[in-house]
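# Quick one, what's the 3D model for this:
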Amino acid sequence: MKLLTVNLGQPIPSEFTDAEGGTGIDKRPVYGPVAVTAPGPKGTGGSGLAGDAVVDLRHHGGDDQAVYAYAREDLDDWQRELGRELANGFFGENLTTSGVEVTGARIGERWRVGPQLLLEVTSPRIPCRTFHGWLGERGWLKRFTQAAVPGAYLRVIEAGEIRAGDAVEVVHRPDHEVTIELMFRALTSRRELLPRLLEAGGALPEEARRKALKYAGQEGD
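So this is what the prediction gives:
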């Protein structure tokens, strides 16, 4: 298991977002070391990767979305389905991985990336209008949602530098069954799964916890 590339983006204009400054979805591979730290709370903190832009802080970035990872194997599947080349970073991911089970990763699972960085899986990527416009594929949000291979957001537990080629090691795997795929389906197409998210305990981001409690009729408990 390893990093194929570390991908950073700079703001570009986009007609598919109302965020001032456009979007940072256009991530490109870089080959020197990149420092990764916790960026701070959502709304104030952006990307965890130095030199990477997160423009719309209302919906993206912050500690629970500090890093976004997507498997090269899943990009390859989309590449075949769409009949077009998808370069590393094209889905807006910071880390393009090889041999890492991203969709099946459990909430709270921890990855050691390189010798220093320790990350914790927090949640799936929920597709947005900017992502739809960036891909330019008819019915893209529906197709992406049905496939349920959304990639994983991660928080930074221990800061460190990473670079392309670094090893990725799963150093902790929780004993619950709340995976990235299950959480994605619960938040999109199968809301009856929402109460199961609570099995992830303290690793579950607060926003998802609130949604699960509301659906289960336990708000305020």
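# Touching stretch 104-112 from outside, list them.
Residues from elsewhere that reach stretch 104-112 (CB atoms under 8 Å, 6 or more residues apart in numbering): 100, 118-123, 152, 154, 157, 167-174, 176-181, 183, 197, 200-204. Using the backbone N, CA and C atoms, a C-beta is placed for each residue, glycine as well.
# Check stretch 210-221 too.
Contacts of stretch 210-221 (CB under 8 Å, 6+ apart): A186, L187, R191, L194, P195, R196, L197, L198, L204.
# swap the cut-off to 10 Å and go again
Residues from elsewhere that reach stretch 210-221 (CB atoms under 10 Å, 6 or more residues apart in numbering): 183, 186-187, 191-200, 204-205.
# So which of these belong to helices?
Using DSSP state H, M183, A186, L187 are the members of these that sit in helices.
# Adding distance to A216, write those residues out as TSV.
Formatted as TSV, the ones in helices among the contacts of stretch 210-221 follow (distance: CB to CB, whole Å):
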residue	distance to A216
M183	15
A186	11
L187	14
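# Quick one: buried ones out of these?
Buried members of the ones in helices among the contacts of stretch 210-221, scored by 16 or more other CB atoms under 10 Å, are M183, A186, L187.
# Show me what the strand or helix carrying L141 is packed up against.
Using DSSP states H and E, L141 sits in helix 140-147. Helices and strands touching helix 140-147, by 3 or more CB pairs under 10 Å, 6 or more residues apart in numbering; DSSP states H and E, are helix 72-82, helix 129-135, helix 180-187.
# now with 7 Å?
If you count contacts as 3 or more CB pairs under 7 Å, 6 or more residues apart in numbering; DSSP states H and E, helix 140-147 packs onto no helix or strand.
# wait, what's in contact with the residue positioned nearest the centre of the chain?
For the chain, the residue nearest the mean C-alpha position is Y153 (2.9 Å; CA atoms, centre = their mean). Going by CB atoms under 7 Å, 6 or more residues apart in numbering, Y153 touches D64, Q65, V67, Y68, T122, S123, R125.
# Burial check on the closest residue to L95 other than its chain neighbours, number of neighbours?
Nearest residue to L95, sequence neighbours excluded (CB to CB, 6 or more residues apart in numbering): A69, at 4.1 Å. A69 is flanked by 24 other residues according to other CB atoms under 10 Å.
# P150 is in contact with A69, correct?
No. The pair A69 and P150 fails to qualify as a contact (CB atoms under 7 Å) at a distance of 10.7 Å.
# Spell out, range by range, the strands that occur in the protein.
2-9, 27-30, 34-36, 67-71, 95-98, 110-113, 117-124, 152-158, 160-162, 168-172 (DSSP state E).
# Now tabulate the ones you listed in CSV and tack on mean pLDDT and distance to R84.
Converted to CSV, the strands of the chain look like this (pLDDT from 0 to 100; distance: least, CB to CB, whole Å):
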stretch, mean pLDDT, distance to R84
strand 2-9, 97, 18
strand 27-30, 96, 17
strand 34-36, 98, 27
strand 67-71, 98, 16
strand 95-98, 98, 17
strand 110-113, 98, 29
strand 117-124, 98, 23
strand 152-158, 98, 24
strand 160-162, 98, 28
strand 168-172, 98, 27
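# CSV for those strands, including distance to K142?
Shown next, in CSV, are the strands of the chain (distance: least, CB to CB, whole Å):
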stretch, distance to K142
strand 2-9, 25
strand 27-30, 24
strand 34-36, 33
strand 67-71, 19
strand 95-98, 24
strand 110-113, 30
strand 117-124, 16
strand 152-158, 21
strand 160-162, 34
strand 168-172, 31
